[in-house]
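K.L.:
any chance you can model this:
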Amino acid sequence: MKVTPETVVLINCGCEGIQKLARAVRARKVYTMVIPYSAPAERVGAEKPAGLLLVADGPCARLDEARQKFASLGVPVLEITEPENAVEAAVDFCFKKCGCSGNWDLDKFIDEAVADIRAQVGNGRVVLGLSGGVDSSVVAALIHKAIGDRLTCVFVDHGLLRKNEVAMVKEVFERSFGMNLVCIDAADRFLDKLVGVTDPERKRKIIGKEFIDVFAEAASKINAPFLGQGTIYPDILESIPFDGNPGGVIKSHHNVGGLPENLKFKLVEPVERLFKDEVRAVGRKLGLPPELIDRHPFPGPSLGVRHVGEIRRETLAILREADAIVTEELLKSGWYHRTWQTFAIFVPVKTTGIRNGLRSYDYVIAIRSINSVDAVTAQVVQLPWELLFKMSDRIIHEVPGVNRVVYDITQKPPGTIEWE
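P.N.:
Numbers count the residues shown, from 1 in each chain. Just a heads-up that it's a prediction; the model follows:
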């Protein structure tokens with residue numbers, strides 16, 4: 001999607017923090033793209049860059065290779081050897097050497113995105129899998145602004161959602177925005193297939209495949225040749241092999257990558273060039289409520305990866321209530337927006353405790369709170385003791401079946417953000 005004629009391309013010659021540098025330059029209203037050094041010169045030239053930043057975490061042969069390869073483009077080039085200290089130098093280069101005027105603006109982006117969607121879709125219809133997360137919600141708002149009721153959103157309730165999630169989605173998209181919203185109650189279908197399954201990868205695959213099947217069935221009943229997706233720029237960057245080797249791909253970026261081949265859609269991905277913070281900013285400008293646009297990231301398999309072991313309806317209900325309490329107390333204390341993710345985990349271990357003066361033998365809930373920039377690494381948040389005590393006290397007294405709460409203090413690495 002065309003977003004601005006002034007583009008400065010960051011050539012990744014081996015830099016872990018290149019996304020951070022690209023975001024920092026964008027924050028100064030210069031549009032940036034990240035492309036690996038292994039890309040052909042023609043690929044970079046197709047972006048019509050105003051200049052190139054060759055970025056590495058120190059002197060290396062890739063810088064020499066990139067300098068020679070891209071010299072034919074005839075645009076200004078600056079080599080960054082210390083990217084963590086190079087923001088001002090990069091911005092100065094963009095304005096003084098590349099002639100950028102600083103016209104990267106999210107209001108302009110919205111206008112251009114709406115125009116591009118209308119041009120791409122024409123008189124057609126779009127179907128979109130709405131998760132209630134930030135990315136798909138912003139895409140829904142953008143597409144709806146462009147084509148109105150020719151957008152149909154499909155929301156699948158797979159029984160693994162957070163407390164009151166369905167009601168919130170209906171309130172925002174169906175009542176406030178007046179969108180065509182198809183809500184599918186498929187909880188039993190998902191949970192029945194998860195009976196007896198304890199392996200985390202099997203659970204993920206079952207949830208993923210079933211979601212695709214349910215969405216495909218719903219989409220096949222809608223005469224829509226276009227599929228809206230909430231792909232964002234980090235998804236694309238992680239799908240591009242750094243050194244040209246397919247083995248270097250971190251993950252595939254298509255959100256619904258397993259749809260049956262007989263469902264032939266043309267993709268509409270209006271925020272594919274935006275970083276997460278930019279997506280949130282666009283959502284605010286489009287009028288999405290703070291409780292949706294500023295919420296913590298939530299995994300695709302939902303509570304399925306926060307429920308260790310076999311997922312049963314009664315223990316899933318325990319997790320859902322405990323997680324709601326964690327979120328409520330985090331919001332009341334003012335700590336919600338000071339953490340990147342904070343959530344509860346159901347641990348299928350019973351311990352001895354005391355309830356109402358009698359011996360109890362009930363489950364454990366763990367609480368995890370981390371801060372991160374890109375989810376590659378994560379640091380444990382030192383929540384106030386008083387807040388943790390309040391969460392623990394409420395969970396134990398308000399959620400039947402729990403008599404112990406623990407706090408996860410594991411960084412990433414070695415631990416992952418989710419427990420499964």
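K.L.:
V326 - that's part of a helix, no?
P.N.:
Yes: with DSSP: H, G, I helix; E, B strand; the rest coil as the criterion, V326 is part of a helix.
K.L.:
give me the nearest residue to it, chain neighbours excluded.
P.N.:
Once flanking residues are discounted, V326 sits nearest to A344: 4.9 Å by C-beta to C-beta, 6 or more residues apart in numbering. C-betas here are computed from N, CA, C, even on glycine.
K.L.:
what comes up buried for the helix or strand of the chain with the lowest mean pLDDT?
P.N.:
Lowest mean confidence among the helices and strands of the chain (mean pLDDT, DSSP states H and E): helix 233-239, at a mean of 72. Within helix 233-239, the residues that qualify as buried are 233-238, counting by 16 or more other C-beta atoms under 10 Å.
K.L.:
per-residue confidence at S252?
P.N.:
S252 is assigned a predicted lDDT (pLDDT) of 40.
K.L.:
oh, I was asking about N223
P.N.:
Taking N223 on its own, its pLDDT is 88.
K.L.:
repeat that for R355.
P.N.:
According to the predicted model, the pLDDT of R355 comes to 85.
K.L.:
phi first, then psi, for Y363.
P.N.:
Dihedral angles of Y363 (phi, psi; degrees, to the nearest 10) stand at phi -80, psi 170.
K.L.:
repeat that for F93.
P.N.:
Dihedral angles of F93 (phi, psi; degrees, to the nearest 10) stand at phi -60, psi -40.
K.L.:
excluding chain neighbours, what is closest to it?
P.N.:
The shortest distance from F93 to any residue that is not its chain neighbour, by C-beta to C-beta, 6+ apart, is 4.5 Å, and that residue is L78.
K.L.:
which residues sit in contact with that neighbour?
P.N.:
Each residue near L78 by C-beta atoms under 8 Å, 6 or more residues apart in numbering is listed here: 51-54, 89-90, 93, 97.
K.L.:
each with direction, which strands does the following helix or strand past the least confident helix or strand of the chain pair with?
P.N.:
Next along the chain after helix 233-239, taking DSSP states H and E as the criterion, comes strand 266-268. According to DSSP bridges, strand 266-268 forms sheet pairs with strand 226-228 (parallel).
K.L.:
starting at the chain centroid, how far to the strand it pairs with?
P.N.:
On the basis of C-alpha atoms, centre = their mean, to the nearest Å, strand 226-228 is displaced by 18 Å from the centre of the chain it belongs to.
K.L.:
same question for stretch 389-407.
P.N.:
Worked out by C-alpha atoms, centre = their mean, stretch 389-407 lies 29 Å from the chain centre.
K.L.:
ok, K276 to V282 distance?
P.N.:
11 Å (C-beta to C-beta, to the nearest Å).
K.L.:
do a quick rundown of the helices in the stretch 251-400 of the chain.
P.N.:
Taking DSSP state H, counting those that start in this stretch as the test, the helices found in the stretch 251-400 of the chain are 276-285, 290-293, 313-333, 385-398.
K.L.:
list the buried residues for the shortest one?
P.N.:
Which is helix 290-293. Counting neighbours by 16+ other C-beta under 10 Å, one finds that the buried residues in helix 290-293 are 292-293.
K.L.:
just to be sure, A224 is in a strand?
P.N.:
No: residue state for A224 (three-state DSSP) corresponds to coil; a strand is not indicated.
K.L.:
that one - how many residues pack around it?
P.N.:
Residue crowding around A224 was assessed by other C-beta atoms under 10 Å; the count is 20.
K.L.:
help me confirm that it comes into contact with V127.
P.N.:
Yes: look at A224 against V127 with C-beta atoms under 8 Å: they come within range, at 4.1 Å.
K.L.:
what do those two both touch?
P.N.:
Common neighbours of A224 and V127 are listed as 152, 265 (criterion: C-beta under 8 Å, 6+ apart).
K.L.:
picking that back up, got JSON lines for the buried residues of helix 233-239, with distance to I147 too?
P.N.:
Putting these into JSON lines (distance: C-beta to C-beta, whole Å) gives the following:
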{"residue": "Y233", "distance to I147": "23"}
{"residue": "P234", "distance to I147": "27"}
{"residue": "D235", "distance to I147": "24"}
{"residue": "I236", "distance to I147": "24"}
{"residue": "L237", "distance to I147": "29"}
{"residue": "E238", "distance to I147": "29"}
